[in-house]
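**Q** let's see this in three dimensions:
(one chain, ligands or ions: 1)
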Amino acid sequence: MYNSKLEKMPLEELRALQNDRLSALVKRVYQTVPFYKKQFDAIGLQPDDIQTVEDLSKIPFTKKTDLRDNYPYGMFAKPMNEIRRIHASSGTTGKPTVVGYTQNDLDVFDEVVARSLACAGARPGMKLHNAYGYGLFTGGLGMHGGATKLGMAVIPVSGGMTERQLTILQDFKPEVMCCTPSYAQTLSEEFAKKGIDTKTLAVKYAVLGAEPWTEAIREQVEAGLDVAATNIYGLSEIIGPGVSQEDVEEKGTGSYIWEDHFYPEVVDKTTGLPLPYGEEGVLIFTTLTKEAFPLLRYWTNDICSIDYDKNAKRTHIKMSAIKGRADDMLIIRGVNLFHTQVEEVIHQINFLSPNYRLIVEKKGAMDAVTVEVETIQGVEVDNEELSKQLHGKIKDTIGLSMNIALKTPNTIPRSQGGKLSRILDKR
Ligand code: DLL
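**A** Next comes the predicted model:
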C-alpha cells in the first residue's frame, strides 16, 4: 500500500478530515471564484452554513455547462502565476473544458496515481509502459507523474503506433502497462495475430480506464496479454486518472475512491436527491483539496453506485464500474440503454467475442438497434442459432428486441490508441 496511514484511516478520522477540508474549501471558493459567490448569494447560503459533508446537499450542483460558461479560466481560484499546468478535455460539441493545477495540485495528482498504481499491483523498481495519450488529455502525464512518485521507471510511449507498442512491450520488458481497455484489446489481438506468446512478456499488471468496460473485456485482455487487469477511473475536472482504483486482489468488488481528496455522492439523475449507498445514480464529486480548480458537487454524468466494503483492505468507499455516461444513454422505444449492458450479455454467450458496436437508426417512426458482434475464430457468421440466442438473451435481460448482425473477426473498428466509441448513432 502506498500510503497506508491515509488509505486505512479509520472512518471517523477520515470524516473529520473531510469536514475540516470541506469547510476550508467552501470559504476559499466563496472568496475566490465569482461563480460560487453568485451561486451562494442567490440562495442566501453562507460559507459558514457548510461545516460537514452532511451539509453538502444545501449546495447546488456544478455542471459541465457552468464550466463552459466560464471558459477558459473563469473557474480558476488561483492567479495564473500560481498555475503550473493546464489540461483540457475535448467534449463532443463545442469548446473543450479547461482545467488548471498549482504545484500542490500536481503533488496531490501524483499521490493519488501512486496509490492507484500500487493498488493495481505496481511496485517501486518496476517499469511502466504508459500508453495513455500525452498532451492535453490527463491520462499520459497523470500516470507518468504518479508512477515516478511511486519509484517506477516510466516508458512514455503514448497512444497509437501499435507496431511500436508491441516491440517496446517485448524488448523493454515493462512489468506494468496502462492504456484504455479497448486499446488493451487491440494490443492483445495484435500479439495473437503475430503468433507471439504473451507469456514470454514481463508485463504482469494492466491498469485500464478512461472509458466504460465490463468483465467481458477483462477476460479477453487478461487471457490475451497474460496480465491481471484492474480499473482506474477519473476525469479531468476532478484531477484526471486516479480518482478511484480497483485493487488487484479485490477484482470485481469496485474501485476505491481516494475520499480524503475527492468526496463522492450518488444522486438520482432526475431529482438530484442523494441516494442511499448501493443505489445507482449520477456520481458527484467535491474536490476537498484542489487549489487551482476546486469544484463543489460536480455532476460527472457517470452512472454507478458507491458503498463501503467491510471485507476490504482499505477504509475508503468503493464505486461500482461505470455503466455509462448519462448523456451517452440511449433511449430506445422508452427503454434506457447503455452499451455496457449489451457487452455483459455478449459475455454470457460462447462463440462471441467482445468486439461489438451498436448501430442506432430510425426505421419509420421507430428507433432500431443493430448489434454488430464478431464471432470468435472458426465460428460461422450465418449461425442462426447463435443470433437467436443473443437476441433472446438481450430481450430477456434488457427488454428490447434488437437486430443481430454476426461479423467475422477483425471487421469491427478497433481502438487505435485512445477511447473507442461503441455506438454509431445514424439518427
Ligand atoms: O479519461 C481520465 C483518465 C485517464 C481516467 C486515464 C482513467 C485513465 P476525461 O478525458 O476527462 O478524463 O474523461 C473522463 O471518462 O467522466 C467517464 O465518463 C470516463 N471514464 C474515465 N475512467 C473511466 C473508467 C479521463 N474507469 C470521463 N470507467 C469520465 C468508465 C471512465 N468510464
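
**Q** drop to CA atoms for contacts and neighbour counts, all remaining ones
**A** OK.

**Q** buried residues in the strand ranked longest in the chain, which are they?
**A** When the chain is scanned for its longest strand (criterion: DSSP state E), the result is strand 352-363. Within strand 352-363, the residues that count as buried by 16 or more other CA atoms under 10 Å are 352, 353, 354, 355, 356, 357, 358, 359, 360.

**Q** each with direction, which strands does it pair with?
**A** strand 366-375 (antiparallel), strand 423-425 (parallel) (DSSP bridges).

**Q** buried ones in the longest one, by neighbour count?
**A** Spelled out, that is strand 366-375. 368, 369, 370, 371, 372, 373, 374, 375.

**Q** and that strand, how far from the chain's centre?
**A** 25 Å (CA atoms, centre = their mean, to the nearest Å).

**Q** any idea of the mean pLDDT for it?
**A** Averaging pLDDT along strand 366-375 yields 97.

**Q** mind listing residues that contact it?
**A** Identification of contacts with strand 366-375 by CA atoms under 8 Å, 6 or more residues apart in numbering yields 332-333, 351-362, 381, 402-412.

**Q** could I have that strand exported to PDB, CA atoms only?
**A** In PDB, the C-alpha atoms belonging to strand 366-375 read as follows (Å, rounded to 0.1, in the frame of the first residue of the first chain):
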ATOM      1  CA  MET A 366     -39.300   3.900 -34.500                       C
ATOM      2  CA  ASP A 367     -35.700   3.700 -33.300                       C
ATOM      3  CA  ALA A 368     -34.000   0.400 -34.100                       C
ATOM      4  CA  VAL A 369     -30.700  -1.000 -32.700                       C
ATOM      5  CA  THR A 370     -28.500  -3.500 -34.500                       C
ATOM      6  CA  VAL A 371     -25.800  -5.300 -32.500                       C
ATOM      7  CA  GLU A 372     -22.800  -6.000 -34.700                       C
ATOM      8  CA  VAL A 373     -20.700  -8.500 -32.900                       C
ATOM      9  CA  GLU A 374     -17.800 -10.600 -34.100                       C
ATOM     10  CA  THR A 375     -17.800 -14.300 -33.600                       C
END
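
**Q** compute the inter-axis angle for whichever helix or strand comes after it and strand 366-375.
**A** Sequence-wise, the next helix or strand downstream of strand 366-375 (DSSP states H and E) is helix 384-398. If you take axes from the mean of the first three to the mean of the last three CA atoms, to 10 degrees, helix 384-398 sits at 130 degrees to strand 366-375.

**Q** can you pull the buried residues of helix 384-398?
**A** With burial defined by 16+ other CA under 10 Å, the residues of helix 384-398 counted as buried are 386, 387, 390, 391, 392, 393, 394, 398.

**Q** okay, residue 215: pLDDT?
**A** Confidence score, pLDDT, at residue 215: 97.

**Q** ok, it - contacts?
**A** 344, 347.

**Q** do that again at 10 Å, thanks
**A** 221, 251, 252, 321, 340, 343, 344, 347, 354 (CA atoms under 10 Å, 6 or more residues apart in numbering).

**Q** which residues touch residue 219?
**A** Counting by CA under 10 Å, 6+ apart, residue 219 has contacts 227, 228, 229, 347, 354.

**Q** got those residues as CSV, with pLDDT columns?
**A** Output for the contacts of residue 219, formatted as CSV (pLDDT from 0 to 100):
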residue, pLDDT
227, 98
228, 99
229, 99
347, 96
354, 96
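
**Q** quick one, helices of the stretch 51-200 of the chain?
**A** Applying DSSP state H, counting those that start in this stretch to the stretch 51-200 of the chain gives helices spanning 64-69, 103-119, 138-150, 162-171, 181-193.

**Q** right, and these - which one's nearest the ligand?
**A** helix 138-150 (3.7 Å; CA to the nearest ligand atom).

**Q** and the closest one, how far from the chain's centre?
**A** Relative to its chain's centre, helix 138-150 lies at 16 Å (CA atoms, centre = their mean).

**Q** name the residues of that helix that come out as buried.
**A** Applying 16+ other CA under 10 Å to helix 138-150 flags 138-150 as buried.

**Q** hmm, back to that, are any of the contacts of residue 215 buried, and which?
**A** Judged by 16+ other CA under 10 Å, buried ones among these: 221, 321, 340, 343, 344, 347, 354.

**Q** nearest to residue 27 among those?
**A** residue 321 (33.3 Å; CA to CA).

**Q** I'd say that closest one and residue 234 touch.
**A** No: look at residue 321 against residue 234 with CA atoms under 10 Å: they stay out of range, at 11.8 Å.

**Q** thinking again about what came up before, need the contacts of residue 219 in JSON lines (columns: distance to residue 87).
**A** Converted to JSON lines, these look like this (distance: CA to CA, whole Å):
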{"residue": "227", "distance to residue 87": "30"}
{"residue": "228", "distance to residue 87": "30"}
{"residue": "229", "distance to residue 87": "27"}
{"residue": "347", "distance to residue 87": "36"}
{"residue": "354", "distance to residue 87": "32"}
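
**Q** can you tell me which of these are in helices?
**A** If you go by DSSP state H, the contacts of residue 219 have residue 347 in helices.

**Q** now do the contacts for residue 313.
**A** Contacts of residue 313 (CA under 10 Å, 6+ apart): 1, 4, 7, 8, 247, 249, 250.

**Q** with residue 214 instead?
**A** 181, 231, 252, 321, 322, 323, 340, 341, 343, 344, 347, 354.

**Q** go back to these and keep what's next to the ligand.
**A** 231, 322 (CA under 6 Å from any ligand atom).

**Q** coming back round to it: within reach of the ligand, which of the buried residues of helix 138-150 are there?
**A** Filtering the buried residues of helix 138-150 for proximity to the ligand by CA under 6 Å from any ligand atom leaves 138, 139.

**Q** of the buried residues of helix 138-150, closest to residue 300?
**A** So of those, ranked by how close each gets to residue 300 (CA to CA), first place is residue 138, at 15.9 Å.

**Q** could you report the pLDDT at that closest one?
**A** Here, the pLDDT recorded for residue 138 equals 98.

**Q** excluding its backbone neighbours, what's nearest it?
**A** residue 240 (5.2 Å; CA to CA, 6 or more residues apart in numbering).
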